[in-house]
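>>> could you work out the structure for the sequence below:
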Amino acid sequence: MKKVYLFEINDVIANQMKLPYSTGLIWSHCLLNDEITQNYVLDNWFYYRQDIDPILEKIKDPSVIGFNCFVWNWEYNNVVAKKIKEKYPECLIVFGGWQQPTADRSQGFFKKHPYVDILVHGEGEMAFEDILIENFKSDPDWKTITGCSVREENLETYVTQPRPRIESIDDMPSPYLDGLFDELIEDCPYILETTIETSRGCPFQCTFCEIGTTYYNRVKKQSNEKVFKEIDWIARNRVEFVYNADSNFGLFPEHLDITKYFVNKKKTTGYPVGHRCDWAKGRADKVVELAQLFVGANMDKGITIALQSMNPDVLKAIKRKNVDNGKIKDFLGMYNEQELPSYMELILGLPEETYDSFIDGVCEVMELGQHNYIGIYPLTALPNTPFGEPEYIKKYGLKIINSYTAFNHYDITEENEFEREDVVVESNTMTFEEYKEATLFRWVILFAHYLGTMQYIARFTRKVKDIPYKEFYRRLLNFIEREEGSFLNEELKITRKNIDGVLAVEQPWGRIIPEVKENFAWDFEEATVIKIVKNQKQFYEEVRRFLVEDIGYNEDSVLEDLLSYQIDAIIDPSVQYPTDKSYSHNIHQVIHKDKSLNKKENHLSFAAKNYDGDYYEWGKEVLWWGRRVGACKTTVEEMQAV
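As a prediction, the model looks like this:
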């Protein structure tokens, strides 16, 4: 029997392991072919990051090795593949996935990567089947296999004819339903995560997204019956988290039935605990019912409104039409009225974006009433998008650095240092220095507003003093800059030093707070919030000075109430909840009920999960996992005066 090995490497983060869904689909399909089952055995399957040498010891006399390649495992895969080829030169090395170049960009690939034999482009299920069949022949001709780039003897690249899309993904086998995943999870020490596809493909062509190619423009659906069976498996095997790889969940009416099935499984079995999807673009009003069901079952984190930018010139450059024809405010108001969490996504570094338009866009979202969360992400130049095309790069004057992977929350002692990611840090309209300053503004907005430490102060100020959010946070940043030696000034210096180190590719993204967890990298804003909570008195003394000197608060009693409310309304891991507080002004009603400020005695109760001083658990659950739903905030209840 010839031996096959599969690689789909993901990182184990917070003791959570992802099942290898993509290679699972491929091998499930291959098992339908009798010629393959009679001549091949899957000898081992590698799906989480570990030291390379023990892996190499487990590989014996391989015939074919398939690598599923993504940005987070690309360098790892190349190191492993090279070592295997050196030891077993006759072994066939096949790369597939999103990271290796598409057919039109594969020329020259094998000169740089001579240990790879075949690149599979697009869907891999049938291509890998054909490769295994051809490999069994005494004189295989790889050029007959469609949808591939093949290494020739002189290391030149031969591109075969394109392979059409799979006509019906619903008719394809499932690694959940054929028993393939059963053995993988037996005695698994990790918390399980997994993936499903309610549909495959996307009708949109956003230039920053690889699935926006014409190859995937036609959406193929799975039947509800098949999806229901996969959900049954997930629940039965206590998989805690499910990511739905559907690029537009809620696009089809049957997605409501799938949502109801998920929620019912959670209610009756407790699993899956959580669910995440990419909501249908341009259908913000159509997905409300689905989101309400998930949120009601405590399964999902609300609705994502993927704006990317508020600048029309940017949207044109990235071939993106913004959500719901400009009706963002109406939909946001609808979500808030129904107490349905939503969060918006913006990308820093897009072509045609200026420093000022980026700041304006962030603050415009705040002015629309989005106080739950804004995700602001660095622009990753994925290689098979227009951001990998020399013409596109030249047109917009893009500067791209090959930085450490732009994802945080990893243990640096376990992270392989050679993993990298291309990040856009400059364009014709935003200089490198402006990009760094925009990153600092992002830091201020996120630690102060969206992770809660000053949000209620800013919202109160917007109501009572009519100071726009843009002006408030610019004044705050100026205050931090000038207060040499202060707590916030030191936080600024540390953050700036870390940003400089990241952009100089001298360190990974993120910042370590060793007294909370050694060697664990937090987002910059999360790290600052942790330091704020640990130095609360000093921080709010500086905030008081800012409010007096830069905002003009001169009523001590109002200031006392406002600062006290701000502190009470944000979860502190050292506090035992519930807590009751009395105030001499109606601060809560001003912020949440649009009331005028009055001097009126009122009593509030603050409730939250008790963390008993465990800063890591609080940071993980509140600042990291819960940031999209505003998990930093306590639940506030107005109490009747006694």
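>>> what helix or strand is residue 5 located in?
strand 2-10 (DSSP states H and E).
>>> likewise residue 526?
Residue 526 belongs to helix 524-534 when assigned by DSSP H and E.
>>> residue 3 reaches residue 39, doesn't it?
No - under the criterion of CB atoms under 8 Å, residue 3 is not in contact with residue 39, lying 10.7 Å apart. Heads up, the C-betas are built off the backbone N, CA and C, glycines and all.
>>> just name the shakiest helix or strand of this structure by mean pLDDT.
helix 328-337 (a mean of 77; mean pLDDT, DSSP states H and E).
>>> which SSE is immediately downstream of it?
Following helix 328-337 in sequence, per DSSP H and E, is strand 342-348.
>>> that following strand pairs with which strands, parallel or anti?
Strand pairing for strand 342-348, determined by DSSP bridges: strand 303-308 (parallel), strand 374-378 (parallel).
>>> quick one: residue 429 from residue 251, how far?
To residue 251, residue 429 is 33 Å away according to CB to CB, to the nearest Å.
>>> how about residue 367?
When residue 367 is compared with residue 251 (using CB to CB), they lie 30 Å apart.
>>> give me the more crowded residue out of those two.
residue 251 (22 against 14; other CB atoms under 10 Å).
>>> surely residue 43 is in a strand?
Yes - checked against DSSP: H, G, I helix; E, B strand; the rest coil, residue 43 lies within a strand.
>>> i'd like the first residue to be 66 from this point on
In the new count, where the first residue is 66, that last one comes out as residue 108.
>>> hang on, it packs against residue 129?
No - assessed by CB under 8 Å, residue 108 is found out of contact with residue 129, at 10.5 Å.
>>> shared neighbours, those two?
Common neighbours of residue 108 and residue 129, using CB atoms under 8 Å, 6 or more residues apart in numbering, are 68-70.
>>> what residues of the longest helix anywhere in the chain count as buried?
Assignment by DSSP state H gives helix 552-568 as the longest helix of the chain. Across helix 552-568, burial judged by 16 or more other CB atoms under 10 Å covers 552-554, 556-557, 560-561, 563-564, 567-568.
>>> what do you get for stretch 578-593?
By 16+ other CB under 10 Å, the buried positions in stretch 578-593 come out as 578, 581-582, 585-593.
>>> contact partners of it?
Counting by CB under 8 Å, 6+ apart, 473-478, 507-508, 511-512, 515-516, 556, 560, 563-564, 573-577, 595-596, 599, 680-681, 684, 688-689 sit against stretch 578-593.
>>> what is the neighbour count of residue 477?
Neighbour tally, residue 477, other CB under 10 Å: 15.
>>> tell me the pLDDT of it.
With respect to pLDDT, residue 477 scores 76.
>>> and residue 348, by the same measure?
At residue 348, pLDDT is 65.
>>> over to residue 251?
Reported pLDDT for residue 251: 87.
>>> and it, how far from residue 75?
Distance from residue 251 to residue 75, by CB to CB: 19 Å.
>>> these two: who's more crowded?
Taking other CB under 10 Å, residue 251 and residue 75 do not tie; residue 75 has more neighbours (18 against 8).
>>> what's opposite that one in the beta bridge?
residue 113.
>>> show the contacting residues for it.
Applying CB under 8 Å, 6+ apart to residue 75 gives the contacts 82-83, 85, 112-114, 137-138.
>>> quick one: which of these is most hemmed in?
residue 85 (26 neighbours).
>>> thought it was touching residue 112?
Yes - assessed by CB under 8 Å, residue 85 is found in contact with residue 112 at 3.8 Å.
>>> now do the shared contacts for the two.
Counting by CB under 8 Å, 6+ apart, the residues touching both residue 85 and residue 112 are 73, 75, 249.
>>> for the residues you listed, which one is nearest residue 619?
Nearest to residue 619 out of these is residue 75 (CB to CB; 55.2 Å).
>>> give me the pLDDT value at that closest one.
So, for residue 75, pLDDT stands at 91.
>>> and it, how far from residue 124?
19 Å.
>>> and the contacts of stretch 285-294?
By CB under 8 Å, 6+ apart, stretch 285-294 touches 230-235, 239, 241-242, 261-266, 317, 319, 322-323, 326.
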